[in-house]
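K.L.:
Below is the sequence, then the predicted model.
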Amino acid sequence: MGTDPKQLTPEKWVERYGDALFRYVVSRLRDAELAEELVQQTFLAALANQSQFSGIGSEKGWLMSILKRKMIDHLRSRNRSQTLESNEDSGDPLDQFFDRHGRWRQRVRATLLKPLDSVDRDEFWPIFQECMSGLPDKQAGAFLLREVDEQTTDEICKDLQVSASNLWVLLHRARLRLADCMKKRWLHENE
């Protein structure tokens, strides 16, 4: 008797996929407790909706898609509960890093994409994580969806329930704050 491609193995989900799902969500939301909660919610939702598994993709891929929806739902609810942030000063010298559309200037992006040597890489990620944790939740969510998950504007606007112009503002502010924080922390670390 062959195995059914639609056959799920919920009793092995935690062992097989728990760590990967946890790492995925904690790297994006920067909160281990919340990551654990969302992974648990993912497993519960998957258990309750096993009949929706088509068998076309992998079991892990199906669980990951549920987790992504849980993360998006969390970001939406968190963003709804926050009030609009106060306007920031314009004319920031960090505008040299971004064009008028809020995208990295080509020369800056090329520099950033150069591989870091191992010493710089070891110093970079803790500083980056610290700077990301200092961003307002809305900005951090928008930045991660755009730069890490590489989602399109339409996808992000739909997921976060914001307009394209509001998304541009969120991304612009996130990039400015990250660049400023990284610059200050990097100089401080290397003094």
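P.N.:
Sure thing, it's come through.
K.L.:
mind giving me the domain ranges of the protein?
P.N.:
Segmentation of the chain into domains, based on automatic domain parsing, reads 10-81, 93-189.
K.L.:
CSV for the ones you listed, including mean pLDDT?
P.N.:
As requested, the domains of the chain are exported to CSV (pLDDT from 0 to 100):
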stretch, mean pLDDT
domain 10-81, 86
domain 93-189, 76
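K.L.:
Tabulate those (a markdown table), appending mean neighbour count.
P.N.:
Backbone N, C-alpha and C define where each C-beta goes, glycine included. A markdown table is the format used below for those (neighbours: other CB atoms under 10 Å):
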| stretch | mean neighbour count |
| --- | --- |
| domain 10-81 | 16 |
| domain 93-189 | 15 |
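K.L.:
Provide the secondary structure category for Gln40.
P.N.:
Counting by DSSP: H, G, I helix; E, B strand; the rest coil, the backbone at Gln40 sits in helix.
K.L.:
now the residue nearest to the spatial centre of the chain: how far from Ile127?
P.N.:
Nearest to the mean C-alpha position of the chain, by CA atoms, centre = their mean, lies Leu144 at 3.2 Å. Distance, Leu144 to Ile127, by CB to CB, to the nearest Å: 17 Å.
K.L.:
now the helices: where do they sit in this structure?
P.N.:
For the chain, applying DSSP state H gives helices covering 13-29, 32-48, 59-81, 106-113, 118-133, 137-143, 153-160, 164-189.
K.L.:
Quick one: closest of the ones you listed to Gln7.
P.N.:
Closest approach to Gln7 among these (CB to CB): helix 59-81, 9.0 Å.
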